[in-house]
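Chemist: mind looking at a prediction? Sequence and model below.
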Amino acid sequence: MQTLFINIKELLQVRETLIEKVSGSEMAILPTIKNAWLLIENETIAAFGPMENCPKINADKTIDAKGKMILPSWCDSHTHIVYVGNREQEFVDRINGLTYEEIANRGGGILNSAKKLNETSEEEIYNQSKKRLEEVIQQGTGAVEIKSGYGLTVEGELKMLRVIKKLAANYPIIIKATFLGAHAFPLAYKENHAGYIDLLINEMLPKIAQEKLADYIDAFCETGYFSVEETERIMQAGKQYGLRSKIHVNQFTAINGIAACVKHNALSVDHLEIVTDEDIAALKDSETMPVALPSCSYFISIPYTPARKMIAAGLPLALASDFNPGTSPSGNMNFVVATACIKMKMTPEEAINAATINGAYAMGISATHGSITVGKKANLIITKPLNSIYELPYSFGTDLIEQVLLNGKIISSKKSR
């Protein structure tokens, strides 16, 4: 099956050869072809180029994309899509002056979500979660990482990871699963941190490995949650089961967690609302991808990741949604890209690189996703007619996506403006 797109106004994120990520000043460069063609064969990108050099192709389907732009689907490397209910009351509590920490200390936050999840059947968790997954696919996400972490019990964590596995089996989007048993300490272990970490390492991890339920391991390395030493123990245990780490760190405080993550070759460090010069030095020349979550900063009014400082230092940066019920109840990567431009002063080129090729790196799929490259998956966004690519972040409240393709097939199609 061949599908040929012709007269594309602009084909974005074109990479002739495979690259893993872009860093520093390279992030401002977004390779494009104006007035382009693109050939998809079955599930993959087969060829592309300028219209003036378009060969005669007898494709099964030819689509005229005049006035429209095509770019790779968003790669959202940090979400908590699998959860039950919502935390709308905590949203109101924050409006009335309570902080994240105050809400957590009175049984809200992560523990609130964990209570609901452990009281809910696996089938119902799946039914609620699949609606959110379908929503983000419609919004242009073509690859997504989903974490556990609202179980905080052996059965609860296994239940979440089984739901993630079922979503991956039933939907054409690629899903990476991350075990986040170290999201918070359950009330029963509030004064016995070592006991909970023993449970996590000696009971949860072996069962997760036996059922092949996770690709990565995570921990909330933060003051009041998991210390650097506790996080290191969890990262080390994950390695023994072939699970590379992707760590929540520096959301509220800087406690030298980033250096520890780099030491353990973490794939990514996520949040980074607080970043010190020492953190930047630790990340330089490492294989660890910094990941910013701007919609979380927006929703709970905390600082934004200092993108300009990090890019100026030569670092790469990825963007992700942090879709979760408490601090970022949206998986709309279009809003994430716009917010990175508006609030973090990233250029549109930098933000698109961060949400595509660098996002793919942060979930270990840059060989198959994140750019327009021959042989990669044909996971694509076809926009409505646009003046320029800058309109995507500029018109942040407007749905500018006309079609979404996953594995070469149209998954979502909307009318043009």
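Modeler: Noted; the coordinates are in hand.

Chemist: avg pLDDT for the helix or strand that contains residue 156?
Modeler: Element membership of residue 156 [criterion: DSSP states H and E] is helix 154-170. Across helix 154-170, the average pLDDT comes to 97.

Chemist: where does the stretch 151-300 of the chain dip in pLDDT?
Modeler: Counting by pLDDT under 70, the stretch 151-300 of the chain shows no low-confidence range.

Chemist: doesn't residue 299 fall inside a strand?
Modeler: No - using DSSP: H, G, I helix; E, B strand; the rest coil, the assignment for residue 299 is helix, not a strand.

Chemist: gap between the residue nearest to it when sequence neighbours are not counted and residue 83?
Modeler: Once flanking residues are discounted, residue 299 sits nearest to residue 328: 5.4 Å by C-beta to C-beta, 6 or more residues apart in numbering. In this view, the C-beta of every residue, glycine as well, is placed from N, C-alpha and C. Counting by C-beta to C-beta, to the nearest Å, the gap from residue 328 to residue 83 is 12 Å.

Chemist: and those two? Which one has more around it.
Modeler: Taking neighbours as other C-beta atoms under 10 Å, residue 328 and residue 83 compare with residue 83 leading, 26 against 23.

Chemist: tell me the contacts of residue 134?
Modeler: By C-beta atoms under 8 Å, 6 or more residues apart in numbering, residue 134 lies in contact with residue 171.

Chemist: list the buried residues of the helix or strand where it lies.
Modeler: In the assignment (DSSP H and E), residue 134 maps to helix 122-138. For helix 122-138, the neighbour count (16 or more other C-beta atoms under 10 Å) marks 125-126, 128-130, 132-133, 136-137 as buried.

Chemist: for the helix or strand just after it, what is the average pLDDT?
Modeler: Next along the chain after helix 122-138, taking DSSP H and E as the criterion, comes strand 141-147. Across strand 141-147, pLDDT averages out at 98.

Chemist: may I have the helix holding residue 134 as CSV, with CA atoms only?
Modeler: Provided in CSV are the C-alpha atoms of helix 122-138 (Å, rounded to 0.1, in the frame of the first residue of the first chain):
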residue,chain,number,x,y,z
GLU,A,122,-8.7,-3.3,36.2
GLU,A,123,-11.4,-3.2,33.5
GLU,A,124,-12.7,0.2,34.7
ILE,A,125,-9.2,1.6,34.9
TYR,A,126,-8.7,0.5,31.3
ASN,A,127,-12.0,2.0,30.2
GLN,A,128,-11.2,5.4,31.7
SER,A,129,-7.6,5.4,30.5
LYS,A,130,-8.3,4.5,26.9
LYS,A,131,-10.5,7.6,26.5
ARG,A,132,-7.5,9.7,27.5
LEU,A,133,-5.2,7.8,25.1
GLU,A,134,-7.7,8.3,22.2
GLU,A,135,-7.8,12.0,23.0
VAL,A,136,-4.0,12.5,22.8
ILE,A,137,-3.9,10.5,19.6
GLN,A,138,-6.5,12.9,18.1
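
Chemist: residues near residue 96, how many?
Modeler: 6.

Chemist: OK, contacts around residue 285?
Modeler: Residue 285 neighbours (C-beta under 8 Å, 6+ apart): none.

Chemist: what about it, distance to residue 118?
Modeler: 43 Å.

Chemist: can you check residue 182 too?
Modeler: When residue 182 is compared with residue 118 (using C-beta to C-beta), they lie 17 Å apart.

Chemist: ok, now residue 216?
Modeler: 23 Å.

Chemist: report pLDDT for residue 130.
Modeler: Confidence score, pLDDT, at residue 130: 97.

Chemist: let's have the chain start at 536 instead
Modeler: That works, and once the first residue is 536, the last one we named lands at residue 665.

Chemist: what's the closest non-adjacent residue to it?
Modeler: residue 702 (6.3 Å).

Chemist: state the distance from the one you found to residue 939.
Modeler: 17 Å.

Chemist: again with residue 779
Modeler: For residue 779, the distance to residue 939 - C-beta to C-beta - is 29 Å.

Chemist: who has more neighbours, the two?
Modeler: More crowded of residue 779 and residue 939, by other C-beta under 10 Å: residue 939, with 24 against 18.

Chemist: am I right that that one sits in a strand?
Modeler: Yes - using three-state DSSP, the assignment for residue 939 is a strand.

Chemist: which of residue 717 and residue 653 has more neighbours?
Modeler: residue 717 (29 against 17).

Chemist: contact partners for the more buried one?
Modeler: Residue 717 neighbours (C-beta under 8 Å, 6+ apart): 684, 732, 735, 753-755, 761, 765-766, 769.

Chemist: just grab the bridge partners of it for me.
Modeler: Beta-bridge partners for residue 717, by DSSP bridges, are residue 754.

Chemist: any idea how far residue 650 is from it?
Modeler: Taken as C-beta to C-beta, the span from residue 717 to residue 650 is 18 Å.

Chemist: again, but for residue 723
Modeler: 12 Å.

Chemist: for these two, indicate the residue with more neighbours.
Modeler: residue 650 (18 against 12).

Chemist: average pLDDT for the helix or strand harbouring that one?
Modeler: In the assignment (DSSP H and E), residue 650 maps to helix 645-653. With pLDDT averaged residue by residue, helix 645-653 scores 86.

Chemist: hang on, the earlier thing: roughly how far apart are the residue nearest to residue 834 and residue 785?
Modeler: 16 Å.

Chemist: whatever helix or strand residue 733 lives in packs against which elements?
Modeler: Applying DSSP H and E as the criterion places residue 733 in helix 728-734. With contacts taken as 3 or more C-beta pairs under 8 Å, 6 or more residues apart in numbering; DSSP states H and E, helix 728-734 sits against helix 763-775.

Chemist: direction included, what does the next helix or strand after the helix it packs on pair against?
Modeler: Next helix or strand after helix 763-775 toward the C-terminus (DSSP H and E): strand 779-784. Under the criterion DSSP bridges, strand 779-784 sits next to strand 751-756 (parallel), strand 803-806 (parallel) in its sheet.

Chemist: list the contacts of the last one.
Modeler: What it means is strand 803-806. With contacts defined as C-beta under 8 Å, 6+ apart, strand 803-806 is touched by 612-613, 781-786, 792-793, 796-797, 818, 823-828, 831, 840, 853, 855, 857, 897.
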